[in-house]
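K.L.:
how would this look folded up:
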Amino acid sequence: MARADAWAISHGVPGVALMATAGKVVCDAIRARWAPRPVLVLCGPGNNGGDGHVVARLLHEAGWPVRLASSVPIAALHGDAAHHASRASEVLAIEPLSDAMLDGARLVVDAVFGAGLTRPFDGPAATLLRRARSAGLPIVAIDVPSGLHGDTGADWGVTPANLTVTFFRKKPGHVLMPGRALCGEICVRDIGIAPEALSTAAHQTWENAPVLWLDQWAHPSAPAARTGPVAIHKYVRGHTVVMGGAVMTGAARLSARAAARVGAGLTTLLVPRQVWPVYAGGLLCGMVQPLDDGDADAMAAAWSRQLGAMKWHSLVMGPGAALGLPGVDAAATLRTLVVDALLLADGRGVVLDADALTAFEHEPEALFRALAGPVVLTPHEGEFRRLFGAGSGEDKLWVTREAARRSGAVVLHKGPDTVIADPEGRVVVNTNGPASLATAGSGDVLSGLIAGLLAQGLPAFEAACAGAWLHGEAARAFGPGLLADDLPEQLPAVLRRLWG
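P.N.:
Just a heads-up that it's a prediction; the model follows:
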């Protein structure tokens, strides 16, 4: 953002004008949501504080009762912030921070520190914001709530805001957790920085939305429109194969149903022979084929033979894949099956989740060496840490981007702030997933969605992004009481809205 500001200034937009516009759009957002009331504006020592001085002056000029406080003397300010503090001081007294400042206030503007903060937030301003929150006063944050790390969303002493007004584009801290939960309503406002300023960014990150991937996904009627209705059949829509295990049989069935619901024309489960009746009796729209399971070698040979003989377009391995067979080293056998499948894929899409990732916990490089073509890895936080040695408490954008680069696959790093990265450095954050997705089996549905999209021809990165977005929308459509079983059944309504 600092580079974007500098770019705008170098292209003829003075910094003092950027700050004036920033203050005005914050003032406008406040006036659009609240009737005039006593306001306390808390200003810090930098440009965020400068924005606050503009807000205080404009609210005062609009007839609002305003009290303005600064964490530093006005003489200590520099540049654009000093200019706007001077203008504010012509119409308002700028007071030092004190415990009595909240008396009579009915709204607080947090203009202490913005997204560039690099240390924990404490001191008198932090104390005042905490007291305001405890008193039930609405808090409006400029750029980010003070104490929120703009790059990672980390909480460095944040008092949650009711409204956050930021400029030009959201920052990573607005979409990564816990930052997203601390910002309240987020408004992004234009302050005169042209989109070309994005060229200054070393890496760009997108918030997930259909505009990123929908043009890669042909509407089901599109093949018929091009070549006539006789051309459309189940293999045109794609065939997804799911490998199922002998213990958690529901997981693979959830994946298969999700793949079918999202548009795959055909689904097949390959499962150990001893549990074939369980799968066959619980799946109506897909096929179930048994694998020989006398020992690990027999299973591996049957797996390669059957997978090699089938006409398939995408494969899911991992959901409920614990083999559970007497005398079989499940992890070693699963590693063999995964590597064999990757060799057989020959450019077809593969999704690896759960057990298919955990099996490589002690030798991840063996997996990475085998990865080729369109492969999506979908680890949750624990699986990510076991496979890549990094995770919670670190910069999620950075560690996910590095994981994709290191593995050569698309990595979907699950969580309330799911991050999706590809080996070329593209990164997307998914923000529409509600907390109700934290239920057993929802990840199995996600892996099936991605595989179903791969079967229809979406590239791996776009399939991962689309699958994550559809997953979130299905959960939002169902609402409270969600079970993983409910997610595939919400997809028809979600797809109707998506296709218009």
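
K.L.:
Give me the below-cutoff pLDDT ranges for the stretch 351-500 of the chain.
P.N.:
Across the stretch 351-500 of the chain, the ranges flagged by pLDDT under 70 are 391-393.

K.L.:
show me where the stretch 401-500 of the chain has helices.
P.N.:
442-455, 460-478, 487-499 (DSSP state H, counting those that start in this stretch).

K.L.:
Just name the most buried of those.
P.N.:
Comparing the helices of the stretch 401-500 of the chain by mean neighbour count (mean count of other Cβ atoms under 10 Å), helix 442-455 comes out on top with a mean of 31. C-beta: built from backbone N, CA, C; applies to glycine.

K.L.:
from the chain's centre, how far out does that one sit?
P.N.:
From the chain centre to the centre of helix 442-455 is a distance of 16 Å (Cα atoms, centre = their mean, to the nearest Å).

K.L.:
In contact with the nearest residue to residue 437 once chain neighbours are set aside, which residues are there?
P.N.:
In space, and not counting its chain neighbours, residue 437 is closest to residue 475: 4.9 Å by Cβ to Cβ, 6 or more residues apart in numbering. With contact set as Cβ atoms under 8 Å, 6 or more residues apart in numbering, residue 475 has these partners: 433, 434, 436, 437, 442, 482, 487, 490.

K.L.:
Nearest to residue 101, out of the residues you listed: which one, please.
P.N.:
Taking Cβ to Cβ as the measure, residue 101 lies nearest residue 434 of the contacts of residue 475, at 37.5 Å.

K.L.:
what about the closest one, neighbour count?
P.N.:
15 (other Cβ atoms under 10 Å).

K.L.:
Ok, residue 207 next?
P.N.:
By other Cβ under 10 Å, the residues close to residue 207 number 14.

K.L.:
partners of it in the sheet?
P.N.:
With DSSP bridges as the criterion, residue 207 is bridged to residue 429.

K.L.:
Against residue 420, how distant is it?
P.N.:
Here residue 207 is placed at a distance of 11 Å from residue 420 (Cβ to Cβ, to the nearest Å).

K.L.:
Closest one to residue 353 out of the contacts of residue 475, please.
P.N.:
residue 442 (11.7 Å).

K.L.:
mind listing the strands for the stretch 251-400 of the chain?
P.N.:
Taking DSSP state E, counting those that start in this stretch as the test, the strands found in the stretch 251-400 of the chain are 266-272, 287-291, 314-317, 349-352, 375-377.

K.L.:
Out of these, which is closest to residue 131?
P.N.:
Closest among the strands of the stretch 251-400 of the chain, using Cβ to Cβ: strand 375-377, at 45.8 Å.

K.L.:
which helices and strands does the closest one pack with?
P.N.:
Applying 3 or more Cβ pairs under 8 Å, 6 or more residues apart in numbering; DSSP states H and E, we find strand 375-377 packed against strand 349-352, strand 410-413, helix 460-478.

K.L.:
Swap in 10 Å and give it another go.
P.N.:
Contacts defined by 3 or more Cβ pairs under 10 Å, 6 or more residues apart in numbering; DSSP states H and E place strand 375-377 against strand 314-317, strand 349-352, helix 364-370, helix 381-388, helix 396-407, strand 410-413, helix 442-455, helix 460-478.

K.L.:
of those, which approaches residue 244 most closely?
P.N.:
So among the helices and strands packed on strand 375-377, strand 314-317 is nearest, using Cβ to Cβ, at 9.4 Å.

K.L.:
what are the C-alpha coordinates of the closest one, in PDB please?
P.N.:
Output of strand 314-317 as PDB, limited to C-alpha atoms (Å, rounded to 0.1, in the frame of the first residue of the first chain):
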ATOM      1  CA  SER A 314     -10.200 -37.000 -12.300                       C
ATOM      2  CA  LEU A 315      -9.200 -38.900  -9.200                       C
ATOM      3  CA  VAL A 316      -9.700 -38.300  -5.500                       C
ATOM      4  CA  MET A 317      -7.500 -40.100  -3.000                       C
END
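
K.L.:
if I pick residue 69, what's in contact with it?
P.N.:
By Cβ atoms under 10 Å, 6 or more residues apart in numbering, the contact list for residue 69 reads 40-43, 52, 56, 93-98, 101, 111-112, 124-125, 128.

K.L.:
any idea which element it lies in?
P.N.:
In the assignment (DSSP states H and E), residue 69 maps to strand 66-70.

K.L.:
who does that strand pair up with?
P.N.:
Its sheet considered, strand 66-70 pairs with strand 39-43 (parallel), strand 94-96 (parallel) by DSSP bridges.

K.L.:
Can you give me the buried ones in the very next helix or strand once past it?
P.N.:
Using DSSP H and E, the helix or strand that follows strand 66-70 in sequence is helix 79-89. The neighbour-count check on helix 79-89 (16 or more other Cβ atoms under 10 Å) flags 80, 81, 82, 83, 84, 85, 88 as buried.
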